[in-house]
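*Asks:* sequence plus the predicted model coming up.
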Amino acid sequence: MTAVDFLRHGETDAPEALLGRTDAPLAPSGRDAVARQIQGRAWAAIVASPLGRARASAEIAADGRMIETDADWREIDFGDWDGRPRREIAGDVLLGAFYADPDANPPPNGEAMRAVRRRVASALERLAAREDGPVLVVAHGGSIRMALSVLLGIPLERLWAIRIACATLIRVELGADPAQGLWGEIVEIVQPPPAGGQR
């Protein structure tokens, strides 16, 4: 069994855009939120998506230590929607269909959910095989939701009910059973505190 903290990267300077493979730098508020969220916590290892917003968030947590990069934790490729302001695509019937059933309705010219599931499951298997811990994984809303879907057996469309704002931290215990495969349980969900530390 391995303890893993999933941390969604901090807010970027393009908060209204649907960011998949399109990257945007962290906003100062995003850096501050990550710093507050990780305060007093320690990890044996830190793994990050290669996208800049996740790497920058991981660097805050690493404080000069080595970061392992794993491309399987990158965000979903949203295809034609990628990088566009959400208000521009809000009325797209295909977007509504995606949220209702992501497996059947992938983003136009984007990544199929079966491909996302396959790569995230591979990343989870590598985590489950580790003998160190706890491990911090700095990733994205989409890849973290997919990890929870794989570990908990919850359909992806049901996971929209869990708020995973920027800088949200979710601790899980995960393992891999030879007969049953990957499994996990949520131990803690810590939403980012607002600026100033007040709740």
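*Replies:* Here it is on my side, so go on.
*Asks:* could you list the buried residues of the longest helix along the chain?
*Replies:* Scanning the chain for the longest helix, with DSSP state H as the assignment, gives helix 113-128. Neighbour counts over helix 113-128 (16 or more other C-beta atoms under 10 Å) mark 113, 116-117, 119-121, 123-124, 127-128 as buried. Yep, even glycine has a C-beta here, placed from its N, CA and C like the rest.
*Asks:* next one: stretch 151-166
*Replies:* 151-152, 156-157, 159, 164, 166.
*Asks:* touching it from outside, list them.
*Replies:* Stretch 151-166 has contacts (C-beta atoms under 8 Å, 6 or more residues apart in numbering) with 8-12, 15, 30, 33, 99-103, 113, 124, 141, 144-146, 148-149, 170, 172, 174, 182-186, 189, 191-192.
*Asks:* how about the residue lying closest to residue 25 once chain neighbours are set aside, phi and psi?
*Replies:* In space, and not counting its chain neighbours, residue 25 is closest to residue 13: 5.7 Å by C-beta to C-beta, 6 or more residues apart in numbering. The phi/psi pair for residue 13 (degrees, to the nearest 10) reads phi -80, psi 10.
*Asks:* gap between residue 13 and residue 23?
*Replies:* 11 Å (C-beta to C-beta, to the nearest Å).
*Asks:* where's residue 72 relative to residue 158, distance?
*Replies:* 23 Å.
*Asks:* residue 81: what's it in contact with?
*Replies:* 18, 20, 89, 92, 95, 107-108, 110.
*Asks:* of the residues you listed - the most surrounded one?
*Replies:* Greatest neighbour count in the contacts of residue 81, by other C-beta atoms under 10 Å, goes to residue 107: 23 neighbours.
*Asks:* wouldn't it be in contact with residue 84 here?
*Replies:* No. The criterion here is C-beta atoms under 8 Å, and residue 107 misses it with residue 84 at 10.9 Å.
*Asks:* closest to residue 1 out of the buried residues of stretch 151-166?
*Replies:* residue 151 (12.0 Å; C-beta to C-beta).
*Asks:* now residue 48. Nearest residue, chain neighbours left out?
*Replies:* residue 58 (3.7 Å).
*Asks:* what strand or helix carries that neighbour?
*Replies:* Using DSSP states H and E, residue 58 sits within helix 52-62.
*Asks:* now swap in residue 184 and tell me
*Replies:* Here residue 184 is assigned to strand 181-190, by DSSP H and E.
*Asks:* what do you get for residue 175?
*Replies:* strand 169-177.
*Asks:* what lines up beside that strand in the sheet?
*Replies:* According to DSSP bridges, strand 169-177 forms sheet pairs with strand 2-8 (antiparallel), strand 181-190 (antiparallel).
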